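In: quick check, what structure comes out for this input:
(one chain, ligands or ions: 1)
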Amino acid sequence: MASSVPEVALRSGNARPMPAIGMGTAAIPPVPEAAKNAVLAAIEVGYRHFDTAEAYATEKPLGEAVAEALRRGLVTSREELFVTSKLWCTKCHPDLVVPALRETLQNLQMEYVDLYLIHWPVCIKAGPPSFPAKKEDAMPFDFEGVWRGMEECQRLGLAKAIGVSNFTTRHLDKVMAAATIPPAVNQVELNPVWQQQKLRDYCAERGVHVAAFSPLGGQKWDGGQGNAVMESEVLAQIAKARGKTIAQCALPFLQVSLRWIYEQGVTSIAKSYNMERLKQNLEIFDWELTDEDRLKISQIPQKKVLQGPSFFSQEGEFTSVDPEDLNVVE
Ligand SMILES: NC(=O)c1ccc[n+]([C@@H]2O[C@H](COP(=O)([O-])OP(=O)(O)OC[C@H]3O[C@@H](n4cnc5c(N)ncnc54)[C@H](OP(=O)(O)O)[C@@H]3O)[C@@H](O)[C@H]2O)c1
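Out: Model prediction:
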């Protein structure tokens, strides 16, 4: 199964090619044992790409699962895997970047990550993460200094490639201006209900690969209601028109979402802790959407799920970044 997942070569760094679907490990609330078992199940059904972050508290369970998979012979070496982790906002200080990655690697029991991302373009006073972050803890983001730290991670061989997450074109401009190693990836919320065409065009022109979080509409990260992808009539109709797919799984329109993302040249980071759903989410590589499907999807009204401002502050503006800037419609 693993070999049937296409891969994409990143244009910056020296990571192995990135499998076109990754398993998201974040869950609310974090459940370490379930995360570990889910990663093992994912490896069994063919996933070789895993997404974690300090903020998810899933680095340790992921590391334990990989160690166990190696012991059981489910994979023969760590090199078969593509592992991404992320630098949290409290570590977005130039001198804290390399130490943060060293801690991440200890959690993962690994020598390197394939990809290390700045989690958000937000800097918070150093210290243990708290959610939501407090307004008075916000600090100006030193794009140049933090990116130098990221470049050092790659030069030291601790990260094969480096990139960013939740960056708009304006944030990317700042990194690009400072970079001697350009970002390989920008991981952002992206699905048929939040398509981010302008950001994708910008990234394509500059060789930055786009990865999609919340490709299935996401979890209720900020307590919001509903899921615009799972409730999309357009996706449901497209799925219904495909008898074969509908017979295969309970919620086939989610495969429509993953297939559309794949056809846009974007890598999905899809979370499931359930073996059957993990399998379903890989079944998107042997069929295609029609031109009519693509046209219908392009007309879906747009709606962002993850609201940066509510995530970071309940009480007004951050000084480091205009919170509204995190939600720019691109
Ligand atoms: N960079 C960032 O700032 C950022 C932000 C958010 C997320 N992420 C990453 O992206 C990953 C994915 O995003 P996400 O977790 O927000 O949401 P998602 O992958 O869009 O959706 C996950 C939800 O869909 C369910 N699901 C998965 N496959 C399904 C299927 N075939 N049928 C029905 N339900 C299905 C999952 O439940 P079950 O587990 O019960 O299947 C889960 O509740 C995260 O885990 C994390 O690694 C990154």
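In: checking Lys86 next. Helix, strand or coil?
Out: Assigned state for Lys86: strand (three-state reduction, DSSP: H, G, I helix; E, B strand; the rest coil).
In: separation between it and Leu254?
Out: According to C-beta to C-beta, to the nearest Å, Lys86 and Leu254 sit 24 Å apart. Heads up, the C-betas are built off the backbone N, CA and C, glycines and all.
In: and the gap between the nearest residue to Val31 once chain neighbours are set aside and Asn281?
Out: Spatial nearest neighbour of Val31, chain neighbours left out: Tyr273 (8.0 Å); criterion: C-beta to C-beta, 6 or more residues apart in numbering. Distance of Tyr273 to Asn281, given as C-beta to C-beta: 12 Å.
In: more crowded one of the two?
Out: Asn281 (25 against 18; other C-beta atoms under 10 Å).
In: quick check: the more buried one touching Val256?
Out: No: counting by C-beta atoms under 8 Å, Asn281 stays clear of Val256, with 11.8 Å between them.
In: still on that earlier bit, tell me if I'm right that the residue nearest to Val31 and Ala35 touch.
Out: Yes: with contact defined as C-beta under 8 Å, Tyr273 counts as touching Ala35 (7.1 Å).
In: between these two, what contacts are shared?
Out: Listed as contacting both Tyr273 and Ala35 by C-beta atoms under 8 Å, 6 or more residues apart in numbering are Ala27.
In: what pLDDT does the model give the residue nearest to Val31?
Out: With respect to pLDDT, Tyr273 scores 97.
In: so which strand or helix has it?
Out: Using DSSP states H and E, Tyr273 is not contained in any helix or strand.
In: and if you look at Gly163?
Out: strand 159-165.
In: how far off strand 159-165 does the helix or strand that that strand is followed by point, in degrees?
Out: Going down the chain from strand 159-165, the next helix or strand is helix 169-178, by DSSP H and E. Helix 169-178 and strand 159-165 are oriented at 140 degrees to each other (axes from the mean of the first three to the mean of the last three C-alpha atoms, to 10 degrees).
In: which residues touch helix 169-178?
Out: By C-beta under 8 Å, 6+ apart, helix 169-178 touches 121, 143-144, 147-148, 164, 167, 182-183, 186, 198-199, 202-203, 206, 208, 325, 328, 330.
In: any idea which helix or strand carries Gln106?
Out: helix 97-108.
In: show me what that helix packs onto, helices and strands only.
Out: helix 59-72, strand 82-87, strand 113-118, helix 143-155 (3 or more C-beta pairs under 8 Å, 6 or more residues apart in numbering; DSSP states H and E).
In: these: which one's closest to Thr290?
Out: Proximity to Thr290, assessed across those by C-beta to C-beta, is greatest for strand 82-87 (30.9 Å).
In: so what are the sheet partners of that closest one and their directions?
Out: Under the criterion DSSP bridges, strand 82-87 sits next to strand 49-51 (parallel), strand 113-118 (parallel) in its sheet.
In: using CSV, please lay out those together with distance to the ligand, mean neighbour count and mean pLDDT.
Out: Listed next are the strands paired with strand 82-87 as CSV, based on distance: least, C-beta to the nearest ligand atom, whole Å; neighbours: other C-beta atoms under 10 Å; pLDDT from 0 to 100:
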stretch, distance to the ligand, mean neighbour count, mean pLDDT
strand 49-51, 4, 26, 98
strand 113-118, 7, 27, 98
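In: ok, Gly157 touching Tyr112?
Out: Yes: applying C-beta under 8 Å, one finds Gly157 in contact with Tyr112, separated by 6.1 Å.
In: neighbour count winner among those two?
Out: More neighbours surround Tyr112 than the other of Gly157 and Tyr112, with 19 against 10 (other C-beta under 10 Å).
In: what sits against the more buried one?
Out: Leu105, Gly157, Leu158, Ala159, Lys160 are the contacts of Tyr112 under C-beta under 8 Å, 6+ apart.
In: now Thr25
Out: Ala35, Ala38, Val39, Phe50, Asp51, Thr52, Tyr56, Thr58, Pro61, Leu62, Lys271.
In: beta partners of the last one?
Out: The reference is to Lys271. Beta-bridge partners of Lys271, as defined by DSSP bridges: Gly24.
In: low-scoring stretches of the stretch 201-330 of the chain, by residue?
Out: 221-225, 243-252, 307-330 (pLDDT under 70).
In: name the residues of it found near the ligand, please.
Out: 213-219, 251, 254, 269-274, 277, 280-281 (C-beta under 6 Å from any ligand atom).
In: all helices of the chain, in order?
Out: In the chain, the segments counted as helices under DSSP state H are 32-45, 59-72, 97-108, 143-155, 169-178, 197-206, 233-240, 243-248, 253-263, 275-280, 291-298, 308-312.
In: just put those helices in CSV and tack on mean neighbour count and distance to Asn227.
Out: Below are those laid out as CSV (neighbours: other C-beta atoms under 10 Å; distance: least, C-beta to C-beta, whole Å):
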stretch, mean neighbour count, distance to Asn227
helix 32-45, 19, 20
helix 59-72, 19, 25
helix 97-108, 19, 30
helix 143-155, 20, 33
helix 169-178, 17, 27
helix 197-206, 16, 21
helix 233-240, 18, 11
helix 243-248, 12, 19
helix 253-263, 23, 10
helix 275-280, 18, 14
helix 291-298, 14, 16
helix 308-312, 19, 17
